[in-house]
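kindly return the folded structure for what I paste below:
(2 chains)
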Amino acid sequence: MDGLITLVHADLSAWSPEPCSYALVLCTGFWLAGVFAAAAGAVADGGLLAWEAFTAGARRARPGLQPEWCLAPGEPASLLPPGFGVLDQSDLPGRDQRLLLARRASAIQ
Amino acid sequence: MTGWWSGMPVPGNPRARALARRLLDTGIAHPVVDGLPVAGQPEVTVVIPVRDRHAELARCLAGLADAGLADAGLADAGLADAGLADAGLADAGLADAGLADAGLADAGLDGPGLARALRVIVVDDGSGDPAALRSVAERAGASVLRRPVNGGPAAARNSGLAAADSSLVAFLDSDCVPGPGWLDALLPHFADPAVGAVAPRIVPHEAGRTWLARYEGASSTLDMGWRPSIVRPGSRVPYVPGAALVVRKQAAGTGFVEDMQVGEDVDFVWRLGASGWRVRYEPAATMGHQHRVRLREWFGRRQDYGTSAATLELRHPGAVRPLYASIWTAAAWLAAALGRPGAGALVTGTGTALLARRLARVTGEGWPRPAGSAAWRMAASQAAGGTLAAARPLGSAISRTWWPVALPAAAAVRRLRWPLAALVLVPPLLDWLDRRPPLDPPRYVVARLLDDAGYSLGVWQGCGERRTVRPLLPVLRGRDPASRPLSAQDVDRPVVSRFMPSEGAGRSPADGARPVPGDHPDRIRWNTRYGSGPAPSFSPNPLAARALALGLPGGPVADLACGPSGAALLAAANGRRVTAVDVSEVALRLLGDQARRRAWTA
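Residues are numbered from 1 along each chain as shown, chains lettered A, B, ... in the order given. Down below sits the predicted model:
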């Protein structure tokens, strides 16, 4: 199994993935809008983008959370580039977190 | 110095270095060597003592050759395509056709331009068929040292040690299976001139199918766990096995004690420590090992280990005792076991109050203080918490040493039965919870109790042979619970401290990533979080499971800000290649270790 996993030590804000190269780009518990844009670009045709992050409401219980680490209303779906269809965007009950599942359209319809 | 805990370099001034040394020596901190340069490319001689085990030796040498190929970058030259890199040379055909003919062993082990020069000495310890053994060794480019009479592992290792002319000697048993990069995480430790020996984590070479193999895979006595440590009696890792050990030749002296047929490796590392050398356990380096998984052989080996307790205790007084506890803890548990839990609670309460009174002098609080004061909180944690936590070592002491006394006592005195049974079951059940082995709790508990029974039979046998009872006696310390010296167990967190500056620790960047600076605040924050928390659960986020269950095109998965991620493991278990990205190398190491462990136990 470990042969399948490549560990990359990197600051995501300085990480630039190859465009359209991943069947699934997954991120949970982290938010930076710039990283989201790069990650969306890395999703292959027909692939999925799955994201889960805190909403701004989480700052009430966690004042240390910076505003830029939290989703604004409508995000992250509102930041998706063209070509993505949203499968689900919903707030997790009682957890000040929101998830997004979106699929990039296949090149061949 | 708070930054040290998360990987910041220790400054060069003497006081800071002295403090860092103290933290390392007490086991409170561990050096971060990932990414440290290996000074001067030290030469390493690999010494393999062996008697007749041709197939095991061939596989071990093949592993070394693979590692040599990987280090040398020869795989890129097309040699790996020939299938030789994965030859697993126990397949005799490949051994014959492969390394010798192609000259790859020489290229891999001694060729020019290699990252590291390895010389391999096979010590034939009185084999019945020396010609066959020589043939296996020489085909792989190793030289052979023949001992006409079998002298045991200590004597054979000493022969190899004497013949080695390098600054470092790596002892490998023939049932080890080295993989690519096996030395990479070990050698940087020798940048510290005080380090005399470093041991990797020993893990099963292949997945086990039987219940015993699965138990061994998760709980082998050769596997000292996932946390790095200094090695010495009383620390989290009190010894390391000699099956795989890299030693600074200057520190090794005359080597192993030759009249010890078992436990000679433990004695060796303890003598290194006693003479001022530091011995370190580095689980980031792993060594595959063919465990014994046939019941009779396995049980016999456990018994052998037990017989060494008496010799080791006589050579290192106080180091091999069944239990180390304060007299308060012992008195409380004795009262409880005798059916007087109230008296036990009273003893613990008294000990806690005495400790709180002492601590109040340190905290500057008056006495008596209300229960919420710092002195009371610390006393409750240390004294009362310590007494409760002692259930585990106490139970282990009963099952690993004292059961020949405890069993008749429980048979004779009815009220002892339940307390003793509970104490004996606590350690294996807690172990099961810690390790989550691929074995159900009942079978794990049975295997663990068998393991303990084998060991304890050996302990009693050794006591009889050496005419001593010392390995059967507990060490009860202190007039009060605060008198115990600080040890690694008191500060049970795997903190890290870099004591040499380094940049860019971690795996090679991919996908255009740049090295993460050592003072990156997120790196420090998350390293601290993952380094000081409990062992991660590796449960995948439900969103990961949901996404993987939806239709996906072919291609890899990226797990961003992965942490010690169950999602990456789940995706890999689904056959996906995964790129797991995180700013914390501690999280990545946890994830990588777990991935390797699951691969071995799958």
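
and stretch B:184-192, average pLDDT?
The average pLDDT within stretch B:184-192 is 89.

again, but for stretch B:209-216
So the average pLDDT for stretch B:209-216 ends up being 89.

before we move on, what about stretch B:559-572?
90.

now the terminal residues of it, how far apart.
11 Å (C-alpha to C-alpha, to the nearest Å).

in it, what counts as buried?
Neighbour counts using 16 or more other C-beta atoms under 10 Å in any protein chain shown place B:559-572 of stretch B:559-572 among the buried residues. All C-beta atoms are positioned from the backbone trio N, CA, C, and that covers glycine.

pick out the residue of the stretch 301-450 of chain B closest to chain A.
The nearest approach of the stretch 301-450 of chain B to chain A comes at residue B:438, 13.1 Å away (C-beta to the nearest C-beta).

make sure that residue is indeed in a strand.
No: assigned with DSSP: H, G, I helix; E, B strand; the rest coil, residue B:438 falls outside any strand and is coil.

that one touches residue B:216, doesn't it?
No: contact criterion C-beta atoms under 8 Å: residue B:438 and residue B:216 do not qualify, at 11.4 Å.

quick one: which of these two has more around it?
Between residue B:438 and residue B:216, counted using other C-beta atoms under 10 Å in any protein chain shown, residue B:216 has the larger neighbour count: 23 against 19.

so that one is in contact with residue B:297, correct?
No: shown here, residue B:216 and residue B:297 do not form a contact pair, counting by C-beta under 8 Å, at 11.3 Å.

ok, the closest residue to residue B:316 other than its chain neighbours - how many residues close by?
Distances taken as C-beta to C-beta, 6 or more residues apart in numbering or on different chains put residue B:270 closest to residue B:316, at 5.3 Å, once the chain neighbours are dropped. Residues contacting residue B:270 under the criterion other C-beta under 10 Å number 22.

same check, this time on residue B:536
For residue B:536, the tally of surrounding residues (other C-beta under 10 Å) stands at 15.

now do residue B:50
Neighbours around residue B:50, by other C-beta under 10 Å: 24.

which residues does it bridge with?
Applying DSSP bridges to residue B:50 gives these bridge partners: residue B:124.

so where do the helices sit in the stretch 101-250 of chain B?
B:104-110, B:130-139, B:152-163, B:211-219, B:249-252 (DSSP state H, counting those that start in this stretch).

tell me who's in contact with residue B:315.
By C-beta atoms under 8 Å, 6 or more residues apart in numbering or on different chains, the contact set of residue B:315 is residue B:267.

returning to that earlier point: heading C-terminal from the helix or strand where the residue nearest to residue B:316 lies, find the next helix or strand.
Assessed by DSSP states H and E, residue B:270 sits inside helix B:264-274. Following helix B:264-274 in sequence order, the next helix or strand is strand B:278-289 (DSSP H and E).

isn't there a helix covering residue B:335?
Yes: when three-state DSSP is applied, residue B:335 is found to be in a helix.

pretty sure it contacts residue B:329?
No: between residue B:335 and residue B:329 there is no contact under C-beta under 8 Å: 11.1 Å.

between the two, which one's more packed in?
residue B:329 (29 against 18).

tell me which element that one is part of?
Going by DSSP H and E, residue B:329 is in helix B:327-337.

any buried residues in the next helix or strand after that helix, and which?
Using DSSP H and E, the helix or strand that follows helix B:327-337 in sequence is helix B:341-363. Using 16+ other C-beta under 10 Å as the test for burial, helix B:341-363 gives B:344, B:347, B:348, B:351, B:352, B:354, B:355, B:356, B:357, B:358, B:359, B:360.

can you tell me the closest non-neighbouring residue to residue B:263?
Nearest non-adjacent residue to residue B:263 (C-beta to C-beta, 6+ apart): residue B:308, at 2.6 Å.

what angle sits between the helix or strand hosting that neighbour and helix B:211-219?
Take DSSP H and E as the rule and residue B:308 turns out to sit in helix B:295-315. Angle, helix B:295-315 to helix B:211-219, by axes from the mean of the first three to the mean of the last three C-alpha atoms, to 10 degrees: 40 degrees.

quick one: mean pLDDT over helix B:295-315.
Mean predicted confidence for helix B:295-315 is 92.

in PDB, could you pull the C-alpha coordinates for it?
Extracted C-alpha coordinates of helix B:295-315, given in PDB (Å, rounded to 0.1, in the frame of the first residue of the first chain):
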ATOM      1  CA  LEU B 295       4.000 -22.000  17.500                       C
ATOM      2  CA  ARG B 296       6.600 -24.300  19.000                       C
ATOM      3  CA  GLU B 297       9.600 -22.400  17.500                       C
ATOM      4  CA  TRP B 298       8.100 -19.000  18.500                       C
ATOM      5  CA  PHE B 299       7.300 -20.200  22.100                       C
ATOM      6  CA  GLY B 300      10.900 -21.600  22.400                       C
ATOM      7  CA  ARG B 301      12.400 -18.300  21.300                       C
ATOM      8  CA  ARG B 302      10.400 -16.400  23.800                       C
ATOM      9  CA  GLN B 303      11.700 -18.800  26.500                       C
ATOM     10  CA  ASP B 304      15.200 -18.300  25.300                       C
ATOM     11  CA  TYR B 305      14.800 -14.500  25.600                       C
ATOM     12  CA  GLY B 306      13.600 -15.000  29.200                       C
ATOM     13  CA  THR B 307      16.600 -17.000  30.100                       C
ATOM     14  CA  SER B 308      18.800 -13.900  29.400                       C
ATOM     15  CA  ALA B 309      17.100 -11.900  32.200                       C
ATOM     16  CA  ALA B 310      19.200 -13.400  35.000                       C
ATOM     17  CA  THR B 311      22.500 -12.900  33.200                       C
ATOM     18  CA  LEU B 312      21.500  -9.400  32.200                       C
ATOM     19  CA  GLU B 313      20.300  -8.500  35.700                       C
ATOM     20  CA  LEU B 314      23.600  -9.700  37.200                       C
ATOM     21  CA  ARG B 315      25.600  -7.800  34.700                       C
END
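
mind listing what's buried in it?
B:298-299, B:301-313, B:315.

show me what the top helix by length along chain B is packed up against.
Longest helix of chain B, by residue count under DSSP state H: helix B:441-466. Applying 3 or more C-beta pairs under 8 Å, 6 or more residues apart in numbering or on different chains; DSSP states H and E, one finds that helix B:441-466 makes contact with helix B:211-219, helix B:295-315, helix B:403-412, helix B:414-435.

which strands or helices does the helix holding residue B:270 pack on?
Helix B:264-274 sits against helix B:152-163, strand B:195-204, strand B:244-248, strand B:278-289, helix B:295-315, with contacts defined as 3+ C-beta pairs under 8 Å, 6+ apart.

mind listing what's buried along it?
B:264, B:265, B:266, B:267, B:268, B:269, B:270, B:271, B:272, B:273.
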